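# The sequence isn't on hand, but the structure is:
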């Protein structure tokens, strides 16, 4: 029990920025779902088992339009394809994590990935429990935010125009925070240039997967020079 408390105590401070973002994002999702007449139970079910913020926002429109199963499958694959690259980069980090591994994989959201990429587990705790509690806390924040939004949306008449932008806003804030804290800005520059070039070439609806592939390829090719010469 002590090891769990210690891991939780060390993990919590790192998740505070995600707490503030997920409560707002989750609440926005909950409000949008409740305005579609979705019961609170299904809002919670989606946030617990789907747990894919951007796809959950898209699912609001899909639910209101009626399900097209092949279309939903392709849409989900395209939107969440970036997690393929997250998973590849975390193969070593999540190696030998035993029974915790399935949950760590499920809970690897953009924000959790960002945190775990930039922090090292303290020497006082086992890495697997440190990773687990960061992932679990972030998951709890999202579920709580969704439930709060679902309750508010069913009780109050709220204006929902523009709520979907909060997800983009959170990504921008996380990027700025990483830029300030990173000693090497070249990976971020590579990501920006790759995304910009692929958007021009492939268009706004099809650029995500190519840009992730290009970014991963360039970072792989430049891995040793980047590790050898940090750029301030």
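Okay, I see it. The shown structure was predicted, so the numbers you read here are calculated from the model rather than taken from an experiment. Numbers count the residues shown, from 1 in each chain.
# after the one helix or strand residue 194 maps to, next one along is what?
Here residue 194 sits within helix 186-202, counting by DSSP states H and E. Using DSSP H and E, the helix or strand that directly follows helix 186-202 along the chain is helix 208-221.
# Pull out the buried positions in that next one.
Under the neighbour-count criterion of 16 or more other CB atoms under 10 Å, helix 208-221 has 208-212, 214-216, 218-219 buried. No exception for glycine: its C-beta is placed from N, CA and C like everyone else's.
# domains for this structure, by residue range?
Per automatic domain parsing, the structural domains of the chain span 2-163, 182-232.
# Could you export these as a markdown table, including distance to residue 175 and mean pLDDT?
Output for the domains of the chain, formatted as a markdown table (distance: least, CB to CB, whole Å; pLDDT from 0 to 100):
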| stretch | distance to residue 175 | mean pLDDT |
| --- | --- | --- |
| domain 2-163 | 9 | 84 |
| domain 182-232 | 7 | 77 |
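# which residues in the chain form helices?
Per DSSP state H, the chain carries helices over the ranges 2-35, 40-45, 53-65, 69-79, 82-89, 101-106, 110-118, 127-155, 165-181, 186-202, 208-221, 223-228.
# Apart from its neighbours in sequence, what residue is nearest residue 60?
With CB to CB, 6 or more residues apart in numbering as the criterion, residue 60 has its nearest non-adjacent residue at 4.7 Å, and that residue is residue 32.
# Test my guess that the one you found contacts residue 153.
Yes: if you go by CB atoms under 8 Å, residue 32 and residue 153 touch, sitting 7.4 Å apart.
# quick one, which of the helices of the chain is nearest to residue 95?
Among these, the nearest to residue 95 by CB to CB is helix 101-106 (8.6 Å).
# What residues of that closest one count as buried?
Quick answer for helix 101-106 (16+ other CB under 10 Å): residue 104.
# And that helix, what does it pack against?
helix 127-155 (3 or more CB pairs under 8 Å, 6 or more residues apart in numbering; DSSP states H and E).
# Could you check the angle the helix it packs on makes with helix 2-35?
Angle, helix 127-155 to helix 2-35, by axes from the mean of the first three to the mean of the last three CA atoms, to 10 degrees: 30 degrees.
# now helix 127-155: how far from the chain's centre is it?
12 Å (CA atoms, centre = their mean, to the nearest Å).
# do stretch 94-111 as well
That offset, for stretch 94-111, works out to 13 Å (CA atoms, centre = their mean).
# Which residues does it contact?
18, 21-22, 51-53, 82-83, 86-87, 90, 128-129, 131-132, 135-136, 138-139, 142, 170-171, 174 (CB atoms under 8 Å, 6 or more residues apart in numbering).
# buried subset of those residues?
18, 21-22, 51-53, 82-83, 86, 90, 128-129, 131-132, 135-136, 138-139, 142, 170-171, 174.
# Isn't residue 23 up against residue 144?
Yes: counting by CB under 8 Å, residue 144 is a contact partner of residue 23 at 6.8 Å.
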